[in-house]
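J.: Requesting a structural model of the entry that follows:
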Amino acid sequence: MKVLVKGAGVAGLTAAFELAARGAAVTVAETGPCLGGNASWFAGGMLAPWCERESAEQPVLELGRDAADWWDAATPGQVTRAGTLVVAAPRDATELERFASRTSGHRRVDADEIALLEPDLAGRFRRGLLFPCEAHLDPRRAMTALHEKLVATGVEFRFGTDPRQMSGFDHRIDCTGMAAADRRLRGVRGEMLILRTPDVSLSRPVRLLHPRFPLYLVPRADQRFMIGATMIESQSGEPVTVRSMMELLSAACALHPAFGEAGIVETGVGIRPAFSDNLPRVEAHGSTVAINGLYRHGFLLAPAMARQVAELVFTHEPVELA
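T.: This next block holds a predicted model:
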């Protein structure tokens, strides 16, 4: 069976992996010149289904529960299983209680345990929530590792190629996100920063709750931290706005004042495709199967959606969301 996967973002790469694992001859076509540059490239990489349940529907938890295991198996060494720490300033204690009431899979931690978990946050927060079963990865390293593994197993990549001009395939898998011709999609703009400082060390993602601009901060290699992300109902790909930059940096400094002296290594904007219910869909239209609407949950939900695509292609039976 010959399958064409359109798009080399996280949805396309995971779909290619699942299809190739079942014996399909897979070609991935990407209009961009190389890997990266899409919304996946600017993702946080948090595999945090229990935290996401605070604002997402139950299927996000069910579909994302095994994501860390999938990424660990597909890209060994890329996943860090240290959990997620959620904190709030004393004046925002009600935000912490609200978060706790809307999520599961956590336990409460006090100031002493926060200091043990993250010594650089010692004395800064009185209470928090630890989600011990969550994990994170660096999206760019994970995508690169998955691409290399796919190439090694015989998957062909064609960059700088318009897939509409390619023929001779039994199935086409559309993983093009906002570029797909689907009027039901809306764009949700996410802005992020990458800071670098030798003065802060964190072992896990930290979410700082705030009634106006909650923040998540994900540690990466080389003393870098990804800080994000805004959620703006817009398809504009313009650079990060001054307002967003100020809010993200202000929240980072509230987490730890040493971020005030950090260097801004990179800013980025990603447009996440979303349906009205913010849940992803796998839909078949003849020999074409589409994955779309991953919203802000790309790395978390792509493995489950890729498995659904493979099941649909090989059994011709639709798979219901969990």
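J.: residue contacts, the residue lying closest to Glu30 once chain neighbours are set aside?
T.: Spatially, and ignoring its direct neighbours in sequence, Glu30 is nearest to Ala8 (3.8 Å; C-beta to C-beta, 6 or more residues apart in numbering). (Glycine included, C-beta is placed from N, CA and C.) Counting by C-beta atoms under 8 Å, 6 or more residues apart in numbering, Ala8 makes contact with Val28, Glu30, Gly32, Leu35, Asn38, His147, Phe157, Phe159.
J.: Equivalent analysis for Arg140, please.
T.: Gly36, Trp41.
J.: Send me the host helix or strand of it as CSV with only the CA atoms.
T.: Arg140 belongs to helix 139-152 when assigned by DSSP states H and E. Coordinates of each C-alpha in helix 139-152 appear next as CSV, following Å, rounded to 0.1, in the frame of the first residue of the first chain:
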residue,chain,number,x,y,z
PRO,A,139,9.6,19.7,20.1
ARG,A,140,12.4,20.5,17.7
ARG,A,141,14.6,17.7,19.0
ALA,A,142,11.8,15.2,19.0
MET,A,143,10.7,16.1,15.5
THR,A,144,14.2,15.8,14.2
ALA,A,145,14.7,12.5,15.9
LEU,A,146,11.4,11.2,14.5
HIS,A,147,12.3,12.4,11.0
GLU,A,148,15.7,10.7,11.2
LYS,A,149,14.1,7.4,12.4
LEU,A,150,11.5,7.6,9.6
VAL,A,151,14.2,8.1,7.0
ALA,A,152,16.2,5.2,8.4
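J.: gap between that helix and the chain center?
T.: 15 Å (C-alpha atoms, centre = their mean, to the nearest Å).
J.: List the buried residues for that helix?
T.: Judged by neighbour count using 16 or more other C-beta atoms under 10 Å, the buried positions of helix 139-152 are Pro139, Arg140, Ala142, Met143, Thr144, Ala145, Leu146, His147, Lys149, Leu150.
J.: For the residues you listed, give me JSON lines that also has distance to Ile114.
T.: Shown next, in JSON lines, are these (distance: C-beta to C-beta, whole Å):
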{"residue": "Pro139", "distance to Ile114": "27"}
{"residue": "Arg140", "distance to Ile114": "29"}
{"residue": "Ala142", "distance to Ile114": "28"}
{"residue": "Met143", "distance to Ile114": "32"}
{"residue": "Thr144", "distance to Ile114": "33"}
{"residue": "Ala145", "distance to Ile114": "32"}
{"residue": "Leu146", "distance to Ile114": "34"}
{"residue": "His147", "distance to Ile114": "38"}
{"residue": "Lys149", "distance to Ile114": "37"}
{"residue": "Leu150", "distance to Ile114": "40"}
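J.: so can I have a markdown table of the residues you listed showing pLDDT and distance to Pro198?
T.: Converted to a markdown table, these look like this (pLDDT from 0 to 100; distance: C-beta to C-beta, whole Å):
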| residue | pLDDT | distance to Pro198 |
| --- | --- | --- |
| Pro139 | 97 | 23 |
| Arg140 | 97 | 21 |
| Ala142 | 98 | 25 |
| Met143 | 98 | 27 |
| Thr144 | 98 | 25 |
| Ala145 | 98 | 26 |
| Leu146 | 98 | 30 |
| His147 | 98 | 31 |
| Lys149 | 98 | 33 |
| Leu150 | 98 | 36 |
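J.: Low-confidence regions, the stretch 51-200 of the chain specifically.
T.: Under the criterion pLDDT under 70, no range of the stretch 51-200 of the chain is flagged.
J.: All the strands of it, in order from the start?
T.: In the stretch 51-200 of the chain, the strands defined using DSSP state E, counting those that start in this stretch lie at 84-88, 107-110, 127-131, 135-136, 156-159, 171-174, 186-196.
J.: Other residues contacting the fourth one?
T.: Identification of contacts with strand 135-136 by C-beta under 8 Å, 6+ apart yields 44-48, 68, 71, 79-84, 204-205, 218.
J.: Tell me the one of those residues nearest Ala21?
T.: Trp71 (14.3 Å; C-beta to C-beta).
J.: Just give the number of residues close to that closest one.
T.: Trp71 has 25 neighbours, counted by other C-beta atoms under 10 Å.
J.: measure it to Phe17 for me?
T.: Taking C-beta to C-beta, to the nearest Å as the criterion, Trp71 is separated from Phe17 by 10 Å.
J.: With Leu208 instead?
T.: Counting by C-beta to C-beta, the gap from Leu208 to Phe17 is 34 Å.
J.: More neighbours: these two, which one.
T.: Phe17 (27 against 24).
J.: Show me which positions of the helix or strand that contains that one end up buried.
T.: Following DSSP H and E, one finds Phe17 within helix 10-21. The neighbour-count check on helix 10-21 (16+ other C-beta under 10 Å) flags Val10, Ala11, Gly12, Leu13, Thr14, Ala15, Ala16, Phe17, Glu18, Leu19, Ala20 as buried.
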